[in-house]
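Asker: task: produce atomic coordinates for the following.
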Amino acid sequence: MKGKQSDLFTEISSSSRRRLQSFAECAAAIDGLFQDAVRHEGNTAFTSYIEFARRMSNLSVYNAMLVRIQRPGAAAVATEKKWNSIQRHVRPGAIPIVVLRPFGPVSFLYEVADTDGFPLPGEDANPFVARGEMHEVEWGHLLKHHREKNAIRIEERNFGALLAGNARNLQAKPSLVPDVAQTEWLVQLNQNHTIPTRFATLAHELGHIFCGHCGPDPKGRWPDRSSLPYEVHETEAEAVAYLAASRRGLDVASMEYLSELIKKVDFRQVSLYAIFEAANRVETRMSEG
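Answerer: Below is the predicted model of the structure:
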């Protein structure tokens, strides 16, 4: 009897050790990704992960985390069968999001930006969306100019529908793109958006850079205005996007977004000169391209 108890204790201990080892391995992998996000996004990465898990209430918390890691900015995810049931189809070549399936290996989900078809409620109210015509050639010239003349690395990434883009100061965080020389700024855009929407997003992110929200220009063209409140940053950048896109003949929802922002803004901190100068840089670069 004593021998059986000893064997049982050994079995339980072995099982516990395996579980602890599994926990440690998963923690190392997930927390490593989280710490990487903190390095890139700052402390807001924490609330971003938590809020994302809350919003994706149709998934388990763990699967919501897997979606957030694979597709930042995801608005809605579902299986191909589910999208088909609401008259939307998955685009050819769309990359699936891999999640765990109950009592099975994995399941494949697709984000709304991976689909086309019947409009979703509220889709037209998306402030990121711009409508109009802009051809690939003009878009390519614009990107080429900013890459070559303004030392801006521009990446088009597979983001979810709610993440249009972002801007980073590579001088402050060279580890983001360690292999690229002579690059001072990083702008990432959502490759799933149309060219007009990507242009409006680029104008917004360039607005952040040219208004000094990401830090000073090494050549002295704009000062460091990074310490201003978030609402001021967003108001100025969105004003730049609105001017650049609407003067280009694109239809944008920026004015509605601005109307909400300005309710919280202290206009003594807003620089109309910085907005006009930044918009002029976007327009000038576009025409010169």
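Asker: and the helix or strand residue 257 falls within, what's buried?
Answerer: Using DSSP states H and E, the element containing residue 257 is helix 254-261. By 16 or more other C-beta atoms under 10 Å, the buried positions in helix 254-261 come out as 254, 257, 258, 261. C-beta: built from backbone N, CA, C; applies to glycine.
Asker: Serialize those residues to a markdown table and add fields for distance to residue 172 and pLDDT.
Answerer: Below are the buried residues of helix 254-261 laid out as a markdown table (distance: C-beta to C-beta, whole Å; pLDDT from 0 to 100):
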| residue | distance to residue 172 | pLDDT |
| --- | --- | --- |
| 254 | 28 | 73 |
| 257 | 27 | 76 |
| 258 | 28 | 78 |
| 261 | 25 | 78 |
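Asker: I figured residue 89 hits residue 110, correct?
Answerer: No: using C-beta atoms under 8 Å, residue 89 is not in contact with residue 110, being 9.8 Å away.
Asker: which neighbours do the two share?
Answerer: Contact criterion C-beta atoms under 8 Å, 6 or more residues apart in numbering; residues shared by residue 89 and residue 110: residue 83.
Asker: what about residue 203, helix or strand, and which?
Answerer: Residue 203 is part of helix 195-210, with elements assigned from DSSP H and E.
Asker: can you name every helix or strand that that helix contacts?
Answerer: The helices and strands touching helix 195-210, judged by 3 or more C-beta pairs under 8 Å, 6 or more residues apart in numbering; DSSP states H and E, are strand 130-131, helix 136-149, strand 152-157, strand 165-169, strand 185-190, helix 230-247, helix 272-288.
Asker: circling back to that earlier point, more neighbours: residue 89 and residue 110, which one.
Answerer: Legend: neighbour count by other C-beta atoms under 10 Å for residue 89 and residue 110, higher for residue 110 (24 against 15).
Asker: secondary structure element for that one, which one?
Answerer: Assigned by DSSP H and E, residue 110 falls in strand 106-111.
Asker: hmm, who's touching the next helix or strand along the chain from that strand?
Answerer: For strand 106-111, the following helix or strand on the C-terminal side (DSSP H and E) is strand 115-117. Applying C-beta under 8 Å, 6+ apart, the contact partners of strand 115-117 are 83, 86, 87, 88, 89, 90, 91, 94.
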